[in-house]
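[1] Here is my input; please provide its structure:
(2 chains)
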Amino acid sequence: MSLFLFRRIAGLILTLLAVSVVVFVSMNVLPGDPVLTILGLDSTEDARAALRQQLGLDKPIVGQYFTWIFNALQGDFGISYSYGVPVSDLIRERIPMTLSLAFCGMALTTVLALVLGISAASNHKRPGDWGVMLISQLGIAIPAFWLSMLLVMLFAVKLRWLPPGGFPGWGEPLLALRSLILPSVALALVQSAVLARVTRSSALEVIRLDYVRTARASGFSRHRILWRHVLPNALIPIVTIVGLQFAALVSGTIVIENVFYLPGLGRLIFQSISNRDLFTVQALVMMFALIVVLANFLVDIAYVLIDPRLKGRTT
Amino acid sequence: MTRSPLPANLVIGAILVALVIGVALLSTIWTPYDHAALDIAHKFQGASPAHWLGTDQLGRDVVSQLMVAAGNSMVVAVTAVLIGGTIGTALGLLASARGGWVEDLVMRLSDLGFAFPALLFAIMLAAAFGPSLPNVVIAIAFINIPVFARVARASANQIWTREYVFAARAAGLGQFAISRDHVLPNIAAPVIVQATIEFALAILIEAALSYLGLGAQPPAPSWGRMLSEAQTLMYIAPHLAIYPGLAIVTAVLGFGLLGDGLRDISDPRLSRERPA
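    Down below sits the predicted model:
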């Protein structure tokens, strides 16, 4: 296990280094001058030179990368050009919002998908199965931001049950949770469509195995067979997709936070793009990529915990 | 011998895709009105014989905007998937043909590509180069490269073990000629299936970016931007938030079902039902 962990952690570090190079190169080396972007085309050459020096952009590019990565490792992403405060402070303020939304969305996604997927598999080739497949096909095709708008129209504008957007802060936990309901549902309905299909097909693979037939012949209830015997053995592909979906979900928060005006990293990255605050964008893209890579890393670890037989294969 | 009927998902998907492409093509020669023509006197009109789906906050005809937006969406999706698919497939073929460190390098680079969710990468490019449809095309194309590289490599690896490839090698054909003449034609099916699925994703990403203001810029209509404009008007004109969403769902559902159907045909094992 320790060798497995060592190799996975080494892979994680290498991936993060490669990701940091891609992010840095995309924002700094590709055509397009960040100083020109910040100051505009009508700025004077003196002003550009001064800002370039202030931001350290007059140094060689390799040196700039190492300075950036060295500072980033110590939690220093520089000063936000538009907010005038350290980018790390902005991230620290906003990350709880994004992670709360992502975790609420993921929890809801998993519950919905498992219930739908398992019930579809247990009603294979019956109307219940077709219904779930139809819903999931539609769910995959619906953009999350449109679904959000429909939910707002129904539950906030028409019925006035839930707020249309905004976040009161965790000082008022009940109100905070209430304002997370619609965004989480919007995220979860779309994501659970994919996961429900995977759960269904994975459960169908297991349902036909001998031990399930034996369990059925032994008189176990249908409920017990499905949740105690079928689901645990159908988990590997489900966990894979959950990991990939967490990545999609985290990037989905960028859109959802903008629909519901939630003060998270997604809203910040969007505002930073509008303000042409490229260094904040650079730090935020790195942050999102870090969350995605970490999610994939945890999936790898989860494989082994779920099925220790995979340990030998993955080392 | 009777031919088995075509899968329902293939038929429905093909009809929806034909509808969307037909509308997009029609918009190049005819729309009910000029999509950008302002008519403030007739703003927020409901459906009527004059304006089938009404008008928006500036009196622009909604049907005309939806039609032109369909064209924009298709152009972005097709161009991006063609570019990403071509480069990705070529890299996958190269990885499979050369093996060794070349294969390792291509696969590790494609792993890196998966570290960036599509939307995030597109946002990064939009931030670096500024928001525009060509940048959306570049972003979606880039995201597609690792996907196609993986599909092409996995399929090509199977073809390289076939006897006719051994025969071609024995006849003195080089790796490039074998890849072009024997491997590529035999991996076309999975690559085309993947392309159909990626069209659907490309339409969704383009819509999301345009919704965020990072894609199509005014006056070019886009389903995503129409929804963004409609969001602030939900209290007074909720219908404006319905039609562009339905258009996106139709297009994405169509390509998704078509991709599923094509996959079922190309690999019948996938569609074979198992006993419960």
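
[2] so B:Val151 touches B:Gly92, yeah?
    Yes: B:Val151 is within contact range of B:Gly92, at 6.7 Å (criterion: CB atoms under 8 Å). Bear in mind the C-beta positions are built from the backbone N, C-alpha and C, glycine included.

[3] more neighbours, those two?
    B:Gly92 (31 against 21; other CB atoms under 10 Å in any protein chain shown).

[4] show me the contacts for that one.
    B:106, B:148-156 (CB atoms under 8 Å, 6 or more residues apart in numbering or on different chains).

[5] and stretch B:34-50, which residues are buried?
    Judged by neighbour count (16 or more other CB atoms under 10 Å in any protein chain shown), stretch B:34-50 contains these buried residues: B:35, B:39, B:42, B:45.

[6] so of these, which ones are in helices?
    If you go by DSSP state H, the buried residues of stretch B:34-50 have nothing in helices.

[7] Just the closest of those residues to chain A, please.
    B:Gln45 (19.7 Å; CB to the nearest CB).

[8] How about that closest one, nearest residue that isn't a chain neighbour?
    Sequence neighbours aside, B:Thr55 is the residue nearest to B:Gln45 in space, at 4.4 Å (criterion: CB to CB, 6 or more residues apart in numbering or on different chains).

[9] what about the one you found, neighbour count?
    Other residues near B:Thr55 come to 27 when the count uses other CB under 10 Å.

[10] Repeat that for A:Val293.
    22.

[11] what residues are up against it?
    Contacts of A:Val293 by CB under 8 Å, 6+ apart are A:12, A:15-16, A:19, B:115.

[12] Please tabulate the residues you listed in JSON lines and include secondary structure and neighbour count as additional columns.
    Formatted as JSON lines, those follow (DSSP: H, G, I helix; E, B strand; the rest coil; neighbours: other CB atoms under 10 Å in any protein chain shown):
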{"residue": "A:Leu12", "secondary structure": "helix", "neighbour count": "16"}
{"residue": "A:Thr15", "secondary structure": "helix", "neighbour count": "21"}
{"residue": "A:Leu16", "secondary structure": "helix", "neighbour count": "18"}
{"residue": "A:Val19", "secondary structure": "helix", "neighbour count": "19"}
{"residue": "B:Ala115", "secondary structure": "coil", "neighbour count": "22"}
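
[13] Kindly present those residues as CSV, with separate columns for distance to A:Arg94.
    CSV is the format used below for the contacts of A:Val293 (distance: CB to CB, whole Å):
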residue, distance to A:Arg94
A:Leu12, 24
A:Thr15, 24
A:Leu16, 21
A:Val19, 20
B:Ala115, 21
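
[14] ok, so of these, who is nearest A:Arg92?
    A:Leu16 (19.6 Å; CB to CB).

[15] Apart from its neighbours in sequence, what residue is nearest that closest one?
    A:Val293 (5.9 Å).

[16] Distance of that neighbour relative to B:Asp111?
    Separation of A:Val293 from B:Asp111 (CB to CB, to the nearest Å): 10 Å.

[17] Could you tell me which residues touch both of the two?
    With CB under 8 Å, 6+ apart, A:Val293 and B:Asp111 have common neighbours A:Thr15.

[18] Tell me which residues of stretch A:7-26 come out buried.
    Under 16+ other CB under 10 Å, the buried positions of stretch A:7-26 are A:8, A:11-12, A:15-16, A:18-20, A:22-24, A:26.

[19] Tell me the spacing between A:Arg200 and B:Asn9.
    Applying CB to CB, the value for A:Arg200 to B:Asn9 is 15 Å.

[20] let me fix that: A:Leu180
    Separation of A:Leu180 from B:Asn9 (CB to CB) stands at 35 Å.

[21] Neighbour count: A:Arg200 and B:Asn9, which is higher?
    In terms of neighbours (other CB under 10 Å), A:Arg200 is the more surrounded of A:Arg200 and B:Asn9; the figures are 25 against 21.

[22] any idea where the helices of the stretch 201-315 of chain A begin and end?
    For the stretch 201-315 of chain A, the helices defined by DSSP state H, counting those that start in this stretch cover A:210-217, A:222-224, A:231-233, A:235-259, A:265-274, A:278-306, A:310-314.

[23] Present the ones you listed as a markdown table; the columns should include mean pLDDT.
    Shown next, in a markdown table, are these (pLDDT from 0 to 100):
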| stretch | mean pLDDT |
| --- | --- |
| helix A:210-217 | 86 |
| helix A:222-224 | 83 |
| helix A:231-233 | 83 |
| helix A:235-259 | 83 |
| helix A:265-274 | 88 |
| helix A:278-306 | 83 |
| helix A:310-314 | 52 |
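
[24] Which stretch among those helices is buried most, on average?
    Ranked by mean neighbour count under mean count of other CB atoms under 10 Å in any protein chain shown, the helices of the stretch 201-315 of chain A are led by helix A:265-274, which reaches a mean of 24.

[25] Centre-most residue in the chain?
    Just going to use chain A. A:Val250 (1.9 Å; CA atoms, centre = their mean).

[26] was after chain B, sorry
    Closest-to-mean residue, chain B, CA atoms, centre = their mean: B:Phe199 / 1.5 Å.

[27] can you pull the buried residues of the helix or strand encompassing that one?
    Assessed by DSSP states H and E, B:Phe199 sits inside helix B:184-211. For helix B:184-211, burial by neighbour count (16+ other CB under 10 Å) applies to B:184, B:187, B:190-191, B:193-211.

[28] other SSEs contacting that helix?
    With contacts defined as 3 or more CB pairs under 8 Å, 6 or more residues apart in numbering or on different chains; DSSP states H and E, helix B:184-211 has these neighbours: helix A:144-151, helix B:62-98, helix B:118-129, helix B:133-159, helix B:223-231, helix B:243-266.

[29] Mind checking those for the one nearest to B:Gly215?
    Closest to B:Gly215 of these is helix B:133-159 (CB to CB; 4.8 Å).
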